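Chemist: no sequence for this one, just the structure:
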């Protein structure tokens, strides 16, 4: 006696809207992933180095300089006439100072200039009477530079835009990946289930282990 044939329900054909949505999501996901690969890989690696800074700490290099600038640049009763630009450029040219000027402080007896950059700092103290100065330059190494780039610290406005753009790209790559799973019939349920499992694990770790 023949066993009855199993009736296999036919899948509903995709509508034109579903096909175009899936195609667009796939296109965005693939090409955004490729375009942003380098920068997202950088932020992934530096996320690890930031979380374990003691593993990757480099040797701190401190260099001390002394010198003298023209006294008329700083010895002015009217502090608005102090030659700020000339002082900054002189230190840059003479000692190869990097970074941007984070502070230019004028006090009664001295001028203090601070330079900051990724993994870098430099501070100069200039006597207003004589023009004599002391300059200390600190370089923290490649890992410190990478970590500061990750945090956007002392990196300037352009790199700040890069950090924001990287975050937006990562959001788009994640969302388009999630959209694509809805159009893969055989993997949709398992894929969504795994996404929920990942979310639940992250929440559980936060609730249990984060003070």
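Modeler: Arrived safely, thanks for sending. Remember, it's a predicted structure, so these values are computed and weren't measured experimentally.
Chemist: And residue 138, which helix or strand is it part of?
Modeler: Assigned by DSSP states H and E, residue 138 belongs to strand 132-139.
Chemist: Please apply the same query to residue 31.
Modeler: Applying DSSP H and E, one finds residue 31 within helix 16-35.
Chemist: in that helix, what's buried?
Modeler: Using 16 or more other CB atoms under 10 Å as the test for burial, helix 16-35 gives 21, 22, 25, 28, 29, 32. (Each C-beta comes from the backbone N, C-alpha and C, glycine too.)
Chemist: which ones are touching the first one?
Modeler: For residue 21, the contacting residues are 179, 183, taking CB atoms under 8 Å, 6 or more residues apart in numbering as the criterion.
Chemist: Model confidence for it, exactly?
Modeler: Reported pLDDT at residue 21 in the predicted model: 81.
Chemist: repeat for the fourth one
Modeler: Here the pLDDT value assigned to residue 28 is 82.
Chemist: Which residues are in contact with it?
Modeler: Here residue 28 is in contact with 172, 176 (CB under 8 Å, 6+ apart).
Chemist: Can you pull out the low-pLDDT segments for the chain?
Modeler: Scanning the chain for pLDDT under 70 picks out the ranges 1-14, 58.
Chemist: mind giving me the domain split of it?
Modeler: Here the domain parsing of the chain from automatic domain parsing is 16-55+146-184, 61-140.
Chemist: The residue nearest to residue 182 when sequence neighbours are not counted sits in which helix or strand?
Modeler: Leaving aside its sequence neighbours, residue 182 sits nearest to residue 188 (CB to CB, 6 or more residues apart in numbering; 5.9 Å). Element membership of residue 188, judged by DSSP H and E, is helix 185-209.
Chemist: Now that helix: buried residues?
Modeler: Residues of helix 185-209 classed as buried: residue 191 (neighbour count, 16+ other CB under 10 Å).
Chemist: Packing partners of it?
Modeler: On a contact count with 3 or more CB pairs under 8 Å, 6 or more residues apart in numbering; DSSP states H and E, helix 185-209 meets helix 156-181.
Chemist: in what helix or strand does residue 126 lie?
Modeler: According to DSSP H and E, residue 126 maps onto strand 120-127.
Chemist: Could you spell out the sheet neighbours of that strand, each with its direction?
Modeler: Here strand 120-127 is paired, per DSSP bridges, with strand 110-117 (antiparallel), strand 132-139 (antiparallel).
Chemist: And the contacts of the first one?
Modeler: Translated: strand 110-117. The contact list for strand 110-117 (CB under 8 Å, 6+ apart) reads 74, 82, 87-88, 91, 97-105, 121-128, 148, 154-155.
Chemist: Type out the ChimeraX command that picks the buried ones from the residues you listed.
Modeler: Restricted to buried positions by 16+ other CB under 10 Å, the ChimeraX selection for these reads:
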select :74,82,87,88,91,97,99,101,121,122,123,124,125,126,127,128,148,154,155
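Chemist: Now the most centrally placed residue in the chain: closest residue in space that isn't a chain neighbour?
Modeler: Residue closest to the average C-alpha location in the chain (CA atoms, centre = their mean): residue 150, at 2.7 Å. Nearest non-adjacent residue to residue 150, counting by CB to CB, 6+ apart: residue 46, 3.8 Å away.
Chemist: Make sure that neighbour is actually in contact with residue 145.
Modeler: No - using CB atoms under 8 Å, residue 46 makes no contact with residue 145, being 9.9 Å away.
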